[in-house]
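**Q** Next one to model:
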Amino acid sequence: MEQNLIYFFIAVGLSMDAFSLALAYGMNEISTKRSILLSIIVGIFHFFMPKLGSIIGITFFESFISKANTIVAIVFIILAIEMFLSRNEEEKGNITNLISMIVFSFTVSIDSFSVGIALSLTEKHLTSACIIFAIVSATFTLSGLILGKKISEKFGHKATYLGIMILIALAIKYLI
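**A** Next up is the predicted model:
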């Protein structure tokens with residue numbers, strides 16, 4: 001039980017990026033069906049990325065993770081630029097297809113890869129940790145999408161600028 005509580009708090013930390021990015025994209029009025037599908041895909045990624053991290057192991061940890069953080073930061077900057085340039089269009093930086101959902105999910109799940117490496121060194125119950133990570137990240141993603149939609153309804157186009165600022169803040173976080 002105590003171990004699951006620890007996994008829960010790790011999951012909350014891992015899910016904050018998913019929540020923030022979902023909040024930004026939720027302001028673009030994603031349909032309920034797409035919101036649920038995206039949340040499930042994020043959950044799946046948060047289940048398998050730690051598993052993958054534990055399989056690959058510590059040998060690749062430093063070189064891969066440092067490059068991955070830079071790549072993720074660049075993706076966030078590109079998403080912010082896209083959102084800014086299309087802020088007055090109908091399809092403004094929206095999650096429009098399965099590929100964009102997979103890119104979104106991978107981007108917010110990359111940090112769970114390194115957690116999988118760390119957990120594989122100390123823990124024997126990686127599967128239960130991954131299940132908790134998946135449930136919490138899917139829940140946070142759906143919550144972010146719903147909250148983003150509510151903010152968009154209340155503040156209109158001004159909400160897009162908040163989404164852009166969130167993406168830039170996330171990019172800075174990954175660069176630092």
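**Q** Apart from its neighbours in sequence, what residue is nearest G148?
**A** Nearest in space to G148, with sequence neighbours left out and distances taken as Cβ to Cβ, 6 or more residues apart in numbering, is G26 at 2.1 Å. (Glycine included, C-beta is placed from N, CA and C.)
**Q** The one you found touches S143, doesn't it?
**A** No - proximity of G26 to S143 does not meet the contact threshold set by Cβ atoms under 8 Å, at 9.1 Å.
**Q** Just want to know which of these two has more residues nearby.
**A** Under the neighbour definition other Cβ atoms under 10 Å, G26 and S143 were set side by side, and G26 has more, 27 against 17.
**Q** show me what contacts that one?
**A** With contacts defined as Cβ atoms under 8 Å, 6 or more residues apart in numbering, the neighbours of G26 are S35, G144, L145, I146, L147, G148, K149, I151, S152.
**Q** Max pairwise distance over these: which two?
**A** Maximum pairwise distance in these, criterion Cβ to Cβ, is 14.2 Å, between S35 and I151.
**Q** higher neighbour count, those two?
**A** For S35 versus I151, the count of surrounding residues by other Cβ under 10 Å is larger for S35: 21 against 18.
**Q** Contact partners for that one?
**A** By Cβ under 8 Å, 6+ apart, the contact list for S35 reads G26, L142, L145, I146, K149.
**Q** cool, F104 as well?
**A** When contacts are counted by Cβ under 8 Å, 6+ apart, F104 is found next to L21, Y25, L38, I41, V42, I95.
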